[in-house]
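Undergrad: Have a look at this prediction, sequence included:
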Amino acid sequence: MFQKMIKASVRMVQRWLPEPFIFAILLTFIAFLVAMPVCRQTPLEVLENWGNGLWGLLEFAMQMALVLVCGTTLADAPAVRRGLNFMAKLPQKPAGAIALVSLVSAVACWVNWGFGLIVGVVFAKEIARKLSGVDYRLLIASAYSGFVVWHGGLSGSIPLALATSGASLERATMGVVTQGIPISQTIFAIPNLLISFFVIMSLVLVNLLMHPKCGAVVEIDKRLLAGEELSERMVPVTPAEKMESSTLLGYLVAVMGLGYLFLKLFVHGGHLDLNSVIMLFLFLGIILHKTPINYVKSLTKAATGSAGIILQFPFYAGIMGIMVGQSADGLSLAGAISNLCIPISNQYTFPLLTFLSAGIVNVFVPSGGGQWAVQAPIMMPAGQALGVSPAITGMAIAWGDAWTNLIQPFWAIPALAIAKLGAKDIMGYCLVNLIATGLIICIGLLIWAM
């Protein structure tokens, strides 16, 4: 019965889910058409909001492209390949491979989302090369599914924003929070840790159960798993070639980068943000590739996978522009969605309804920072009026933002580029994970509010 449900889910998604770029275009049209009557805006006003927002994610798009390219290049280093090759031999059966990938990916994403997003899919692909009989699509879906826990973990942008005192925090929460809320009340709160734990365990169990029987596994196209052939090693002759092949130059610049990172994280007490992850990938990759020219060649191959990010992120920025663009009355589409849950909420149901509204908003605004900017000014004062702790309200928004990433191709773009798959290949499995994890998060938030 369960396998029939999985097959139905996969078939439905493969039939109806278009390529991610088409999905972004359709979301644009939906947001455009809905914003006019809901926000009482003219087509020209909505068009202006869309155009003004188009380039709002340029910095973030560059960061994501670098996460993908530098992470892939790091994984391509000979030493890392050997390590992944060793770990990929650990699972002896397909079910064990699915469980291990699910666990490794989820834990890595809880520690840092940028790190986990790349490591999980690279590890999954290496296992697929070693183990026969494993469903490759489900393996990649398992690697991506771990991303659902990121906003409850150490790199969650909303709990970190809540922990940072200042005018921006007061402004975002409409004066509800004037002093930073320590992460002991958000990330390391017992209810949040329990939600994270049970979500991770559910991913391991559900992904394991979704694996078909041996005879039903779809054969993997070997071209998807093909590694790059090592180019013939050239003996440097000219001064330029000797500089390109100099390990000293590569090591010196890498030591500079890693030295700065050490000062930032351990001397000045900074945290492992997205830029820090990119720096770590970049300079470790240079060291492990040994020479600058080897790194350049590997990075050039990896850069082709960033095409989806370059194309689609401006469109999602435009959608965000529509969602947050305000009418003359100060009403925005994202605000209208958030406001829907307030009249029917009480002290105990407010976190649950906040979570659900955040999940809807996230489909159109798939950015933690954007989600916080849109919902915090509405939900934080409403939560305070109902007697709900700002920490709980903030984490409800955070979990909602992370939850619907399971069916939003935006974040899957880097993983799919590495796996050489399309969104429709994995989203059917992710839809099942959406239901399972959603139930756990809802129950956890209800208990947390009591």
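TA: Structure received.

Undergrad: Now do stretch 35-46: distance from first to last residue.
TA: End-to-end distance for stretch 35-46, by Cα to Cα, to the nearest Å: 7 Å.

Undergrad: Give me the residues contacting that stretch.
TA: Outside stretch 35-46, the residues that touch it by Cβ atoms under 8 Å, 6 or more residues apart in numbering are 32, 49, 322-323, 325-329, 331-333, 336. (C-beta placed from N, C-alpha, C; glycine too.)

Undergrad: Could you identify the buried members of those?
TA: Burial by neighbour count, 16 or more other Cβ atoms under 10 Å: within the contacts of stretch 35-46 this picks out 32, 49, 322-323, 325, 327, 331-333.

Undergrad: Look up how far Phe188 lies from Ser163.
TA: Actually, residue 163 is Ala. It isn't Ser. According to Cβ to Cβ, to the nearest Å, Ala163 stands 11 Å off from Phe188.

Undergrad: ok, Ile426 touching Arg137?
TA: Yes. Between Ile426 and Arg137 there is a contact under Cβ atoms under 8 Å: 5.9 Å.

Undergrad: Which of those two has more residues huddled nearby?
TA: A side-by-side neighbour count of Ile426 and Arg137, using other Cβ atoms under 10 Å, places Ile426 first with 28 against 22.

Undergrad: Name the SS class of the more buried one, please.
TA: helix (DSSP: H, G, I helix; E, B strand; the rest coil).

Undergrad: Now the helix or strand harbouring Arg11: buried residues?
TA: Under the criterion of DSSP states H and E, Arg11 resides in helix 2-16. Within helix 2-16, the residues scored as buried using 16+ other Cβ under 10 Å are 6, 9-10, 13.

Undergrad: Please save the CA atoms from that helix in PDB.
TA: Below are the C-alpha coordinates for helix 2-16, written out as PDB (Å, rounded to 0.1, in the frame of the first residue of the first chain):
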ATOM      1  CA  PHE A   2       2.800   2.400   1.000                       C
ATOM      2  CA  GLN A   3       4.700   1.700  -2.200                       C
ATOM      3  CA  LYS A   4       1.600   2.300  -4.300                       C
ATOM      4  CA  MET A   5       1.200   5.700  -2.700                       C
ATOM      5  CA  ILE A   6       4.900   6.500  -3.400                       C
ATOM      6  CA  LYS A   7       4.500   5.500  -7.000                       C
ATOM      7  CA  ALA A   8       1.400   7.600  -7.400                       C
ATOM      8  CA  SER A   9       3.200  10.600  -5.800                       C
ATOM      9  CA  VAL A  10       6.200  10.200  -8.100                       C
ATOM     10  CA  ARG A  11       4.000   9.800 -11.200                       C
ATOM     11  CA  MET A  12       1.900  12.800 -10.300                       C
ATOM     12  CA  VAL A  13       4.900  15.100  -9.800                       C
ATOM     13  CA  GLN A  14       6.600  13.800 -13.000                       C
ATOM     14  CA  ARG A  15       3.400  14.500 -15.000                       C
ATOM     15  CA  TRP A  16       2.600  18.000 -13.600                       C
END
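
Undergrad: Thank you kindly, that will do.
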